[in-house]
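*Asks:* just a sequence and a predicted model for now, questions to come.
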Amino acid sequence: MNVLGSADAAQKEQRQCAATPSISCSVSRPHCERFWAGPKGHAVDKEAGLCLSFLMIRVAFYSFSLPSHSRPNSIVLLTNMNKDLHNELINFMFLRRPDGSLDVMACLKLWFGKSTATDIEIRTRFGEHVRLALEGRYAHWRWSPRGCVALMILLDQFPRNIYRHTVDMYAGDAAGRAIVDAGHDWLSVLKPEECLFVPCLILTHQENVKDQQACMRFWSKLEPHLPTELHIFRTIFEEHLRIVDLCGNFPHRNHYYGRKTSAVGQKLMDNPGVRFDLPLIAEGGHVRFGHDSKKLWDATEATFDVVERLDAFVKNKVKRKNTLVTDWLTPEKAAECREAFRKFDKDGNGFLDMDELLEVLAATHRTYTKPELQTVIDTISGKLNSTGLTFEEFSALLQIKMTADMQNRLRSRFQLFDTDNSGDISYDELRHCLTDLDNLLTTAELDEMMKKCDADGDGNISYEEFVAMVPAVVSPTLSEADQSLWEIMSPVEPSKKAGFGWADVKTPAKVEISVEEVVG
């Protein structure tokens with residue numbers, strides 16, 4: 001067999017593919033990405049024209065004509081260029097004790113805990129690498145088994161941290177699926193815990209029965225090699241197979257993709273026992289999936305904060321305007337705003353359009369017309385005929401100084417829940433109002449929110465109990481209020497790609513900002 005001659009032909013065909021995208025290429029796409037992922041998508045750096053580049057491609061094609069265990073060491077050397085980054089990624093995800101053994105409970109907390117601090121750290125340390133991986137620039141990492149694990153972390157895991165509550169959480173799932181077909185004997189070349197990620201987690205995140213079944217087959221071989229604490233994954237994988245078999249997809253992703261949820265899917269959505277997309281919470285020696293009830297209350301109050309500020313704009317209660325220097329939108333603050341933002345951003349694309357705003361306003365018994373709301377959107381965005389609000393503009397609303405009496409505002413909120421005017425909020429009233437605001441809430445989470453607020457345990461929420469749940473941030477000190485703002489003039493650079501995650505917010509340390517004070 002003329003291996004080099006075949007490589008020449010393959011190179012020629014790939015160059016044709018690069019020049020004319022409509023021409024099909026007989027070389028499989030993963031191989032094209034491995035060998036032709038240079039700057040700007042060119043197969044090789046044509047400007048440099050280095051002979052070594054062509055030699056590397058020849059060796060690569062030759063190597064893939066051989067079994068994986070027989071590939072020449074020169075290919076491994078190419079992967080070693082990224083070895084430090086591979087190790088950093090793998091060490092970040094697989095926490096170990098001083099003796100080198102896996103710290104299983106620490107790993108579970110990292111993998112399922114959904115911590116704001118962790119999200120910020122991942123974005124800070126690895127955000128640029130996630131972007132490059134999503135663009136296909138690290139596809140050659142599939143040459144080595146550890147490279148596959150590192151690439152999986154960038155494509156499958158970290159987008160769920162960086163783009164939390166947006167459709168971009170799943171942006172790397174399809175590209176991650178190609179890792180499974182890299183041709184490695186996973187059980188013999190990876191540690192058992194690494195095999196959880198490759199191939200198991202990749203396969204279980206796919207919305208088709210075939211991959212779900214493949215995950216279960218591999219798990220049956222892997223499970224005996226894992227510590228018992230990780231056997232929880234059997235339940236996760238079995239339930240994922242059952243859900244996809246019943247629904248054809250994961251119902252909790254439907255609102256991001258604009259898909260309708262079946263009756264069966266809605267029932268599954270309401271069962272926290274199978275909602276593995278929710279944070280893992282450890283309480284009293286037990287673990288469960290769900291949001292912390294205090295955080296849910298905080299996000300609910302923040303939703304009302306935004307609605308009340310929209311009220312002020314609709315009613316033209318804008319008092320004065322100043323220019324301040326501030327660095328208000330820290331990663332921590334942005335993460336807090338994201339929890340409220342997701343209640344408005346129904347499709348998870350990082351942008352609030354007119355219909356999404358009207359839906360939440362209607363849920364809080366606001367009946368504004370589209371022209372009224374259009375005026376508000378234009379005022380906040382500073383542009384005529386704006387189609388909606390960005391995440392930055394939404395977040396800025398939460399910083400507005402409200403001069404209205406806080407007690408009156410809280411009383412109005414309470415009355416929205418207390419639909420029968422009994423002076424107490426029943427469980428049914430709480431459920432009706434909260435599910436109108438956030439249809440992703442589970443019954444178990446509603447139960448926890450009720451329990452958290454109902455201090456005396458009588459099954460109802462009094463006004464005093466309701467007020468006790470209001471976070472301090474709702475009623476800022478004067479110095480904090482002086483740092484409020486609503487309109488960002490120029491400092492924020494929105495993401496150029498569809499789907500806006502909080503981590504894409506880029507705010508310089510000092511920025512000139514217009515500030516409004518509104519009277520409720």
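*Replies:* All right, it came through fine.

*Asks:* use CA for all of it now, contacts and neighbours both
*Replies:* Noted.

*Asks:* so where do the helices sit in the stretch 301-450 of the chain?
*Replies:* Here the stretch 301-450 of the chain has its helices, by DSSP state H, counting those that start in this stretch, at 331-344, 354-363, 370-381, 391-397, 406-417, 427-437, 443-453.

*Asks:* tell me which of these sits nearest to Leu89.
*Replies:* Counting by Cα to Cα, Leu89 lies closest to helix 331-344 out of those; the figure is 21.4 Å.

*Asks:* packing partners for that closest one?
*Replies:* Applying 3 or more Cα pairs under 8 Å, 6 or more residues apart in numbering; DSSP states H and E, one finds that helix 331-344 contacts helix 116-134, helix 293-314, helix 354-363, helix 391-397.

*Asks:* contacts for it, please.
*Replies:* 116-117, 120, 165-166, 299-300, 302-303, 348, 352, 356-357, 360, 391, 394-395, 398, 437-438, 502-503 (Cα atoms under 8 Å, 6 or more residues apart in numbering).

*Asks:* now swap in stretch 152-165 and tell me
*Replies:* 89-90, 114, 118-120, 122-123, 127, 129-130, 133-134, 168-173, 175-176, 179, 197-198, 202, 338-339, 342, 348, 500-503.

*Asks:* need the helices of the stretch 301-450 of the chain in JSON lines with mean pLDDT, distance to Val244 and mean neighbour count, can you?
*Replies:* Converted to JSON lines, the helices of the stretch 301-450 of the chain look like this (pLDDT from 0 to 100; distance: least, Cα to Cα, whole Å; neighbours: other Cα atoms under 10 Å):
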{"stretch": "helix 331-344", "mean pLDDT": "82", "distance to Val244": "25", "mean neighbour count": "21"}
{"stretch": "helix 354-363", "mean pLDDT": "89", "distance to Val244": "28", "mean neighbour count": "18"}
{"stretch": "helix 370-381", "mean pLDDT": "88", "distance to Val244": "39", "mean neighbour count": "17"}
{"stretch": "helix 391-397", "mean pLDDT": "83", "distance to Val244": "32", "mean neighbour count": "23"}
{"stretch": "helix 406-417", "mean pLDDT": "88", "distance to Val244": "36", "mean neighbour count": "15"}
{"stretch": "helix 427-437", "mean pLDDT": "88", "distance to Val244": "25", "mean neighbour count": "17"}
{"stretch": "helix 443-453", "mean pLDDT": "86", "distance to Val244": "22", "mean neighbour count": "18"}
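
*Asks:* distance to Phe466 for the ones you listed - can I get that in a markdown table?
*Replies:* Putting those into a markdown table (distance: least, Cα to Cα, whole Å) gives the following:
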| stretch | distance to Phe466 |
| --- | --- |
| helix 331-344 | 18 |
| helix 354-363 | 19 |
| helix 370-381 | 29 |
| helix 391-397 | 23 |
| helix 406-417 | 7 |
| helix 427-437 | 11 |
| helix 443-453 | 7 |
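
*Asks:* Gly136 - that's part of a helix, no?
*Replies:* No. Applying DSSP: H, G, I helix; E, B strand; the rest coil, one finds Gly136 to be coil, outside a helix.

*Asks:* distance of it from Leu373?
*Replies:* 41 Å (Cα to Cα, to the nearest Å).

*Asks:* equivalent analysis for Phe391, please.
*Replies:* 17 Å.

*Asks:* same deal with Leu434?
*Replies:* 23 Å.

*Asks:* can you list the buried residues in the one helix or strand Arg217 maps to?
*Replies:* Here Arg217 sits within helix 209-222, counting by DSSP states H and E. For helix 209-222, burial by neighbour count (16 or more other Cα atoms under 10 Å) applies to 209, 211-213, 215-216, 218-219, 222.

*Asks:* try stretch 450-467
*Replies:* Of all the residues in stretch 450-467, those buried under the rule 16+ other Cα under 10 Å are 450-455, 460-463, 465-467.

*Asks:* ok, now stretch 83-94?
*Replies:* 83, 86, 89-90, 93-94.

*Asks:* now these as a markdown table including secondary structure and pLDDT?
*Replies:* Below are the buried residues of stretch 83-94 laid out as a markdown table (DSSP: H, G, I helix; E, B strand; the rest coil; pLDDT from 0 to 100):
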| residue | secondary structure | pLDDT |
| --- | --- | --- |
| Lys83 | helix | 89 |
| His86 | helix | 96 |
| Leu89 | helix | 97 |
| Ile90 | helix | 97 |
| Met93 | helix | 97 |
| Phe94 | coil | 98 |
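
*Asks:* and of these, the nearest to Thr443?
*Replies:* Using Cα to Cα, the buried residues of stretch 83-94 come closest to Thr443 at Met93, 31.7 Å.

*Asks:* lowest-confidence helix or strand of the protein?
*Replies:* Between all helices and strands in the chain, the lowest mean by mean pLDDT, DSSP states H and E belongs to helix 478-481, at a mean of 32.

*Asks:* list the contacts for Asp293?
*Replies:* Careful, residue 293 is Ser; it's not Asp. Counting by Cα under 8 Å, 6+ apart, Ser293 has contacts 445, 448-449, 452.

*Asks:* if we go to 6 Å?
*Replies:* 448-449 (Cα atoms under 6 Å, 6 or more residues apart in numbering).

*Asks:* quickly note the distance from it to Thr116.
*Replies:* 16 Å.

*Asks:* just Gly147 next, same as before
*Replies:* 27 Å.

*Asks:* do the same with Asp173
*Replies:* From Asp173 to Thr116 the distance is 22 Å (Cα to Cα).

*Asks:* show me where the stretch 101-250 of the chain has helices.
*Replies:* 104-112, 116-134, 145-152, 158-162, 173-180, 186-189, 192-195, 202-204, 209-222, 232-247.

*Asks:* could you list every helix and strand that the second one packs against?
*Replies:* In other words, helix 116-134. On a contact count with 3 or more Cα pairs under 6 Å, 6 or more residues apart in numbering; DSSP states H and E, helix 116-134 meets helix 158-162.

*Asks:* picking that back up, which one of the helices of the stretch 101-250 of the chain lies closest to Asp405?
*Replies:* Short answer: helix 116-134, nearest of the helices of the stretch 101-250 of the chain by Cα to Cα, at 31.8 Å.

*Asks:* which of the residues in the closest one are buried?
*Replies:* For helix 116-134, by 16+ other Cα under 10 Å, it's 116, 119-120, 122-123, 126-127, 129-130, 133-134.

*Asks:* what average pLDDT does that helix get?
*Replies:* Across helix 116-134, the average pLDDT comes to 93.

*Asks:* now the angle between helix 104-112 and that helix, please.
*Replies:* If you take axes from the mean of the first three to the mean of the last three Cα atoms, to 10 degrees, helix 116-134 sits at 70 degrees to helix 104-112.

*Asks:* and helix 116-134 with helix 173-180, angle?
*Replies:* Using the same axes, to 10 degrees: helix 116-134 against helix 173-180 is 70 degrees.

*Asks:* hang on, the earlier thing: return the member of the buried residues of helix 116-134 nearest to Arg366.
*Replies:* Thr116 (31.7 Å).

*Asks:* how about the closest one, nearest residue that isn't a chain neighbour?
*Replies:* Nearest residue to Thr116, sequence neighbours excluded (Cα to Cα, 6 or more residues apart in numbering): Ala335, at 6.5 Å.

*Asks:* and the gap between that neighbour and His240?
*Replies:* Distance from Ala335 to His240, by Cα to Cα: 28 Å.

*Asks:* and if you look at Asn271?
*Replies:* Distance from Asn271 to His240, counting by Cα to Cα: 13 Å.

*Asks:* who's more crowded, these two?
*Replies:* More neighbours sit around His240 than around the other of Asn271 and His240, counting by other Cα atoms under 10 Å; the figures are 27 against 14.

*Asks:* sorry, back to before: looking at the helices of the stretch 101-250 of the chain, which is nearest to Phe417?
*Replies:* helix 116-134 (29.4 Å).

*Asks:* name the nearest residue to Leu446, ignoring sequence neighbours.
*Replies:* Arg431 (6.7 Å).

*Asks:* quick one: that neighbour from Leu95, how far?
*Replies:* With Cα to Cα as the criterion, Arg431 and Leu95 are 40 Å apart.

*Asks:* alright, calling it a day.
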